[in-house]
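Undergrad: Need coordinates for the following:
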Amino acid sequence: ETLFVGPGAADRYTALTQLFDACVGTSWTEVGSTNRLARRSAPALGDRSVAYRGTSTEPATSTTAELTTRSPVQLVLTGDTVIELFSIDTRNTGNPPRLTEAEFDRIAARAVTVVG
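TA: Residues are numbered from 1 along each chain as shown. Down below sits the predicted model:
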């Protein structure tokens, strides 16, 4: 979780969503891992909110299985506060995540309630 509080919160929220949106639907490779970003459905939070799903796949090696990292992200503007919520879950490819997106969404909603 990252918080930004101040009079520039709306501008920061807009800039963050523009940066994320610029990467949606693209794929890139970094340090051997293939990365993707997509928008995802999530309950509306705060004054404005948007949700994303980052996925990174690291190829198998002679000693490790292929790994997939899933990262749900929610950006929320509430008043003069921007809340950036994210989770990182790395598992062997094919295994379900430890934290479902629905569970992440419940945690995000609670965090926004506490901050708001």
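Undergrad: in which helix or strand would I find the residue nearest the centre of the chain?
TA: Centroid-nearest residue in the chain: V73, 1.7 Å away (criterion: CA atoms, centre = their mean). Following DSSP states H and E, the helix or strand that holds V73 is strand 67-78.
Undergrad: Moving C-terminal from that strand, which element do we reach first?
TA: strand 81-86.
Undergrad: which helices and strands sit right next to that next one?
TA: Applying 3 or more CB pairs under 8 Å, 6 or more residues apart in numbering; DSSP states H and E, one finds that strand 81-86 contacts strand 2-5, helix 9-23, strand 67-78, helix 101-115. Just so you know, the C-beta spots here come from the backbone N, C-alpha and C atoms, and that holds for glycine as well.
Undergrad: Distance from the third one to the middle of the chain?
TA: Between the mean C-alpha point of strand 67-78 and the mean C-alpha point of its chain there is a distance of 1 Å (CA atoms, centre = their mean, to the nearest Å).
Undergrad: What residues sit buried inside it?
TA: Neighbour-count burial for strand 67-78 flags 67-78 (criterion: 16 or more other CB atoms under 10 Å).
Undergrad: Stretch 50-64 too?
TA: 50-54, 56-58.
Undergrad: quick revisit: put the alpha carbons of the strand holding V73 into PDB.
TA: The C-alpha trace of strand 67-78 is given here as PDB (Å, rounded to 0.1, in the frame of the first residue of the first chain):
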ATOM      1  CA  LEU A  67       6.900 -19.300 -12.100                       C
ATOM      2  CA  THR A  68       4.000 -17.000 -12.500                       C
ATOM      3  CA  THR A  69       3.600 -13.800 -10.400                       C
ATOM      4  CA  ARG A  70       0.200 -12.300 -10.200                       C
ATOM      5  CA  SER A  71      -0.300  -8.800  -8.900                       C
ATOM      6  CA  PRO A  72      -3.800  -7.300  -8.500                       C
ATOM      7  CA  VAL A  73      -3.600  -3.500  -8.300                       C
ATOM      8  CA  GLN A  74      -6.200  -1.000  -7.300                       C
ATOM      9  CA  LEU A  75      -5.700   2.800  -7.600                       C
ATOM     10  CA  VAL A  76      -8.200   4.900  -5.500                       C
ATOM     11  CA  LEU A  77      -8.800   8.600  -5.200                       C
ATOM     12  CA  THR A  78     -10.700   9.600  -2.100                       C
END
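Undergrad: Thank you kindly, that will do.
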